[in-house]
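Novice: Just a sequence and a predicted model for now, questions to come.
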Amino acid sequence: MAEPARERKDTKPLSSKADAPRRFTTWVEEEPAFEAERMAKDHPRPRRKPRTRRKRAFPRWLIAPAAIVGLVVLLFAVGLYLESRVRGHILENVYIADVDVGGLTPEDAKAQLRLQYQPFQDYPVALTYDDRIWRPRGSEIGLQVDWTYAISEAMAIGHTGTLPQRWWQRYTLWNGRHDILLPLRQDDNRLRAYLENQVAFDIDVLPLDAALVIEGQQVSTRPGREGRSLEVIPTMRSIKESLLVFSPDPVPLTVHTVPPAIDDDAIQSARETATRMLAGPVTLRLDDRTWTLDVEQIGQLLEIEHREDERGKRIAVVLDQDAIRQFLDEIAGDVRVLPRNAHFRFVEDHLEITDEGAPGVELQVDRGIAQVNEAVLSDQREVLLSVDVTQPKINPDTVDELGIRGVVGVGHSYFGGSAAYRLHNIVTAARILDGTLIPPGETFSFIGSVGAIDESDGFVTGYSIVGGRTVLSVGGGVCQVSTTVYRAAFWAGLPITERHAHNFRISWYTVDAPLGMDATIFTETGTDLRFLNNTSGYMILQFEVLTETGDLYAYLYGTPPDYEVVLDGPYFSNWTPAPTDPIYVDNPNLPAGYLRQTDYAQGGVDSTIYRIILINGEEVSRDTFFSNYQAWPNIYERGTGAP
């Protein structure tokens, strides 16, 4: 049965506050749950009519962009995922020197490379020559494998550059492998040093030239031998080419064969020459005198010279030219005759010729050397020597031309009581100096004129003052001659440019002259006597040795001067008494216990002599000659040798 319709007033909603039921503030009491259900059933809530929403269509133009955005987001997400997977790893399909390092970390990749190539790093190459082999370490030849650089190159693939570049690189790896060379660092200086200092030291052998061997009168040859030399630059090139491809094959050294500069054929002519030279003796002849070079002497004179011409290097056999000259100089000494100048004596205001002189004879040494060189190569083995004849500069015809018209100065000394050695050396020195010509304006040197004072000029050993001591030396007594010449120059009024007094007073030189008129010379120290010929003409020095009376005279002849020479002095100062304590000098050449006095005590003193030049009685010059004589003790030589 249908429910009766409700009144409108029950269903009409409230339209205003006036119509709404009045509410009062009350305490709400909680009703039981079942009461609420009952009321809900009795008074149901009116239902609203649901609204009908109109559906909108999705714009079709947004489909494509939305798909693209979705795809991009998907790819980005996939990229982030893949990037996280390969971060810190080398991409797949990457190889370093045929070693697969894909998917490995740098540390793992380096370990993998070392496993494969560390033996190469340690001993990268083997060098061979014949049956010998050298295995240098990499450090010895300056080779270093750059693992770090290779791995950094591998890591850079697909990890560096822009995003498109990285993805393109990765794309190419998906389609095929990427190979990276293993870089090598090579120090060429180290490699070259190893080859030069170690390998070349073992390889290089100097070539041996063929040689001529002369033993006495026998001539033989020694064959030559080739040498070898390491060619460093080509060998370096071969080593570097092998290293670039990591070749395990040995590298053959480039070695150059060095031929000898003189081979066996080049010495055959020299052998024939030497055989011809030793065919027999060579005789040298001058008038009725002969000298011989026997075969043994010729063999000692042979020299081997290395020469080079358009045909190349060769050897030649020649005579030792210095030795041949020495041999002929000895002959020249035997045949030499010095020209003897005319000798004069001043007698009653004029010169008288006492000896007209004689020509000299001198061997032509250079021509003789050439003749000997020719003779040893020919069948005619005799040499006829030649001489030059030299006329004396002073002879009767040239006296007036030279301006020698009288005595310029005379020196005298006394040597009576001298020992035999002293007398011999005085005579020898006077003979050598006799006739010495002094040109105008030239300086006379005693040492330069007398020459070497040794046995070759006829001097003998005697006592001389050397280094402040009286000792044995060759030429003892020659100072007697230099003192006499000094006195001649003194009285001639010539400028004395060098003169030295003896170290201490010597009785020989004060017999007929005041103290301070001596002059010492010594060739080893260059202690000399020198004076200048300041006249307009030549001067000649001549001697007179009177061995019976012990008188020695030195004459200077020339143009007599127009002045007078006067000696003023001597004036003494600084007297010093002789030392009282003797000096003993050990001499191992004297027997033990032998005592010999060589020096006698002398007091010391200074002596000053003035030489005054007068013209017409007027003084025009005054020269001072100072001599210092030291105080001298008694000196004894004490034998320390075998008795």
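Specialist: Noted; the coordinates are in hand.

Novice: where along the stretch 501-643 of the chain do the strands fall?
Specialist: Counting by DSSP state E, counting those that start in this stretch, the stretch 501-643 of the chain has strands at residues 530-532, 539-546, 551-558, 564-576, 583-591, 595-599, 604-615, 618-629, 635-641.

Novice: Can you list the strands that the longest one pairs with?
Specialist: In this case it means strand 564-576. strand 604-615 (antiparallel) (DSSP bridges).

Novice: what do you get for the first one?
Specialist: The strands that strand 530-532 pairs with in its sheet are strand 443-445 (antiparallel), strand 496-498 (antiparallel) (by DSSP bridges).

Novice: rewinding a little: what's the closest of the strands of the stretch 501-643 of the chain to Glu310?
Specialist: Between Glu310 and the strands of the stretch 501-643 of the chain, the tightest spacing by C-beta to C-beta is seen for strand 530-532, at 55.8 Å. (Each C-beta comes from the backbone N, C-alpha and C, glycine too.)

Novice: burial measure for Thr484, as a count.
Specialist: Residues lying near Thr484 (other C-beta atoms under 10 Å) number 28.

Novice: one step back: out of the strands of the stretch 501-643 of the chain, which is the most enclosed?
Specialist: Of all the strands of the stretch 501-643 of the chain, strand 551-558 has the most neighbours on average by mean count of other C-beta atoms under 10 Å, namely a mean of 23.

Novice: got the contact list for Leu363?
Specialist: 286, 328, 331-332, 335-336, 385-388 (C-beta atoms under 8 Å, 6 or more residues apart in numbering).

Novice: make it 7 Å
Specialist: Going by C-beta atoms under 7 Å, 6 or more residues apart in numbering, Leu363 touches 328, 331-332, 335-336, 385, 387.

Novice: hey, what's the nearest residue to Ala489 once chain neighbours are set aside bridged with?
Specialist: Nearest residue to Ala489 in three dimensions, chain neighbours excluded: Phe531, at 4.2 Å (C-beta to C-beta, 6 or more residues apart in numbering). Under the criterion DSSP bridges, Phe531 forms beta bridges with Phe444, Ile496.

Novice: Check what pLDDT Phe531 gets.
Specialist: Predicted confidence (pLDDT) for Phe531: 97.

Novice: ok, which stretches of the stretch 201-350 of the chain are strands?
Specialist: According to DSSP E, counting those that start in this stretch, the strands that the stretch 201-350 of the chain contains are 211-215, 218-222, 227-230, 251-252, 255-258, 282-286, 289-293, 302-309, 312-319, 343-347, 350-355.

Novice: now for these, which one comes closest to Gly161?
Specialist: Closest of the strands of the stretch 201-350 of the chain to Gly161 is strand 251-252, at 40.5 Å (criterion: C-beta to C-beta).

Novice: If you count contacts, what does the closest one end up packed against?
Specialist: Contacts defined by 3 or more C-beta pairs under 7 Å, 6 or more residues apart in numbering; DSSP states H and E place strand 251-252 against strand 127-129, helix 232-244.

Novice: before we move on, back to that, can the strands of the stretch 501-643 of the chain go into CSV with extra columns for distance to Val219?
Specialist: CSV is the format used below for the strands of the stretch 501-643 of the chain (distance: least, C-beta to C-beta, whole Å):
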stretch, distance to Val219
strand 530-532, 55
strand 539-546, 56
strand 551-558, 59
strand 564-576, 72
strand 583-591, 48
strand 595-599, 58
strand 604-615, 70
strand 618-629, 67
strand 635-641, 50
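
Novice: Quick one: closest of the ones you listed to Ile447.
Specialist: Among the strands of the stretch 501-643 of the chain, if distance is taken as C-beta to C-beta, the winner is strand 530-532, at 8.7 Å.

Novice: Might you calculate how far the closest one sits from the centre of the chain?
Specialist: Its chain's C-alpha centre and that of strand 530-532 lie 45 Å apart, by C-alpha atoms, centre = their mean, to the nearest Å.

Novice: give the contact list for the closest residue to Ala323 other than its chain neighbours.
Specialist: Closest residue to Ala323 apart from its sequence neighbours, by C-beta to C-beta, 6+ apart: Leu301 at 5.2 Å. Residues counted as contacts of Leu301 (C-beta under 7 Å, 6+ apart) are 319-320, 323-324.

Novice: From those residues, which land in helices?
Specialist: Among these, the members falling in helices (DSSP state H) are 323-324.

Novice: of all the contacts of Leu301, which two lie farthest apart?
Specialist: The most widely separated members of those, counting by C-beta to C-beta, are Leu319 and Ala323 (7.4 Å).

Novice: who has more neighbours, those two?
Specialist: Leu319 (20 against 14).

Novice: Please report the distance of that one from Ala266.
Specialist: From Leu319 across to Ala266, the span is 21 Å (C-beta to C-beta, to the nearest Å).

Novice: Isn't Phe428 up against Val460?
Specialist: Just so we're on the same page, residue 428 is Thr rather than Phe. No. Judged on C-beta atoms under 7 Å, Thr428 makes no contact with Val460 at a distance of 8.2 Å.

Novice: picking that back up, may I see the strands paired with strand 530-532 organised as CSV, with distance to Gly617 and mean pLDDT added?
Specialist: Formatted as CSV, those follow (distance: least, C-beta to C-beta, whole Å; pLDDT from 0 to 100):
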stretch, distance to Gly617, mean pLDDT
strand 443-445, 30, 96
strand 496-498, 24, 97
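
Novice: For Phe490, which of those strands is the nearest?
Specialist: So among those, strand 496-498 is nearest, using C-beta to C-beta, at 6.9 Å.

Novice: Identify each buried residue in the closest one, please.
Specialist: For strand 496-498, burial by neighbour count (16 or more other C-beta atoms under 10 Å) applies to 496, 498.

Novice: end to end, how far does stretch 500-510 reach?
Specialist: In stretch 500-510, first residue to last residue: 16 Å (C-alpha to C-alpha, to the nearest Å).

Novice: quick one: buried residues of that stretch?
Specialist: If you call a residue buried by 16+ other C-beta under 10 Å, then stretch 500-510 has these buried ones: 500-506, 508-509.

Novice: Name the weakest-confidence residue in those residues, if you would.
Specialist: Of all the buried residues of stretch 500-510, Trp508 has the smallest pLDDT value, namely 81.

Novice: Verify the stated contact: it with Gly417.
Specialist: No. Taking contacts as C-beta under 7 Å, Trp508 lies outside contact range of Gly417: 8.9 Å.

Novice: Regarding Gln144, which helix or strand does it belong to?
Specialist: strand 143-145 (DSSP states H and E).
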